[in-house]
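K.L.:
sequence first, then the predicted structure, then my questions.
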Amino acid sequence: MQILDGQKLSQKILETLKTDIKKKQTSAQSPAGGQTNIKLDIILVGSDPASKKYVEMKQKNAKQIGINTKVHNFSNQINSDNQPVILNECEESSEANLIKLIKKLNQDPSITAIMVQLPLPKYLNKLEILNSINPNKDADGLTSTNLGLLFQQDPIAIIPATALGIIRLLKNYKISLSGKNAVIIGRSLEVGLPLLALLNAENCTCTLCHSHTKNLIQICQKADILISAVGKPNFITADYVKNNSIVIDVGTNKDPQTSKLVGDVDFKSVADNCSFITPVPGGVGPMTIAMLLSNVFKIWQNSTCHREERSDVAISSGLPLRQLAEK
């Protein structure tokens, strides 16, 4: 069994981004250059400790590589109209005003990229909020435009960070994907659905499972690659896992007994059955942040080149989606 070390790879990616950003900023300062500063604006709704921690980690990593950030905080309180109350902003409190803020950020040329920290409170319209982001500033790749481009295997797509990070991690360890049976548990916009598109582009045979899937254990037992994104601590045990399979744990859960961070996978019981496995923490999580910041850099490259819809990498190379995932 070999550990898929997302922490180590993410640091390598961040160092490369830091170098690339410095080089691009130097060239952008020439008369023919464009925007030199990179800025990511993050919208945080509520006071969930996990969400606040993730935002802080994104800010920390962004600062280290030369990306500026600003967080717009909304409280999780609701007013008499069942709308969120805004914090640290001088505008009246309403859900519509959250979207109004996003549209304002869309129009601000000093802002490179925008993201909304998920999950959102259930009383908010997640899709409406996400789709109010300009697709050309969509750091998470979760607008309908970018998800549609992803499923079309169009290399101009901004790809959701967790899904992209998983592919990068697999490729870093020279794991062949073509022809593999891949089982994904969880069909979220952030992970399950984009992973389906990416693995399909790599010529995997994919099965997408969810809460209504019958005979889940039997399906998982046939997987060469098993990816769990269900959000249940230690849900995947040894009886789910085929010998010598690859297990990717997307879960970040609090152990009800120890309060420690654990994944969806019962690591101790599963590790001996598989050839590769991601740990929690230190596996998929760091890769998500690295890929988010990579997306911000890609968006910035587009803006500095004055290309509103296509990344310079995609245009100049004509690379297919699966090759762009290696970069």
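P.N.:
Ah, there it is.

K.L.:
what's around Glu56, how many residues?
P.N.:
Other residues lying near Glu56 total 11 when counted by other CB atoms under 10 Å. Where C-beta positions appear, they are placed from N, C-alpha and C, glycine not excepted.

K.L.:
can you give me the helices for the stretch 101-250 of the chain?
P.N.:
All helices of the stretch 101-250 of the chain, identified by DSSP state H, counting those that start in this stretch, fall at 126-130, 144-151, 161-172, 192-201, 216-220.

K.L.:
could I get the ones you listed as CSV with mean pLDDT, distance to Met115 and mean neighbour count?
P.N.:
Output for the helices of the stretch 101-250 of the chain, formatted as CSV (pLDDT from 0 to 100; distance: least, CB to CB, whole Å; neighbours: other CB atoms under 10 Å):
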stretch, mean pLDDT, distance to Met115, mean neighbour count
helix 126-130, 95, 9, 16
helix 144-151, 97, 12, 19
helix 161-172, 98, 9, 24
helix 192-201, 97, 15, 22
helix 216-220, 98, 32, 15
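
K.L.:
just put these in JSON lines and tack on distance to Lys52.
P.N.:
As requested, the helices of the stretch 101-250 of the chain are exported to JSON lines (distance: least, CB to CB, whole Å):
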{"stretch": "helix 126-130", "distance to Lys52": "19"}
{"stretch": "helix 144-151", "distance to Lys52": "26"}
{"stretch": "helix 161-172", "distance to Lys52": "18"}
{"stretch": "helix 192-201", "distance to Lys52": "25"}
{"stretch": "helix 216-220", "distance to Lys52": "33"}
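
K.L.:
and of those, who's closest to Thr288?
P.N.:
helix 161-172 (4.6 Å; CB to CB).

K.L.:
residue ranges with poor pLDDT in the stretch 1-150 of the chain?
P.N.:
By pLDDT under 70, the weakly predicted segments of the stretch 1-150 of the chain are 28-35, 76-94.

K.L.:
secondary structure element for Lys298?
P.N.:
According to DSSP states H and E, Lys298 maps onto helix 284-304.

K.L.:
give the rounded mean pLDDT of that helix.
P.N.:
Confidence for helix 284-304, expressed as mean pLDDT, is 94.

K.L.:
next, the angle from it to helix 144-151.
P.N.:
Relative orientation of helix 284-304 versus helix 144-151 (axes from the mean of the first three to the mean of the last three CA atoms, to 10 degrees): 110 degrees.

K.L.:
show me what helix 284-304 is packed against.
P.N.:
helix 6-28, helix 49-65, strand 113-116, helix 161-172, helix 312-317 (3 or more CB pairs under 8 Å, 6 or more residues apart in numbering; DSSP states H and E).

K.L.:
at 7 Å what do you get?
P.N.:
helix 6-28, helix 49-65, helix 161-172 (3 or more CB pairs under 7 Å, 6 or more residues apart in numbering; DSSP states H and E).

K.L.:
so what's Met115 bridging to?
P.N.:
Ile42 (DSSP bridges).

K.L.:
show me what contacts Phe267?
P.N.:
Contacts for Phe267 were tallied using CB atoms under 7 Å, 6 or more residues apart in numbering; they are Pro279.

K.L.:
okay, it: pLDDT?
P.N.:
94.

K.L.:
out of everything not next to it in sequence, what's closest to Ser144?
P.N.:
Asn131 (5.5 Å; CB to CB, 6 or more residues apart in numbering).

K.L.:
same thing with Thr213?
P.N.:
Ile219 (6.9 Å).

K.L.:
so the one you found touches Leu208, yeah?
P.N.:
No. If you go by CB atoms under 7 Å, Ile219 and Leu208 don't touch, sitting 10.2 Å apart.

K.L.:
contacts for stretch 199-217, please.
P.N.:
With CB under 7 Å, 6+ apart, stretch 199-217 has contacts from 153, 177-187, 192, 196, 219, 239-240, 321-322.
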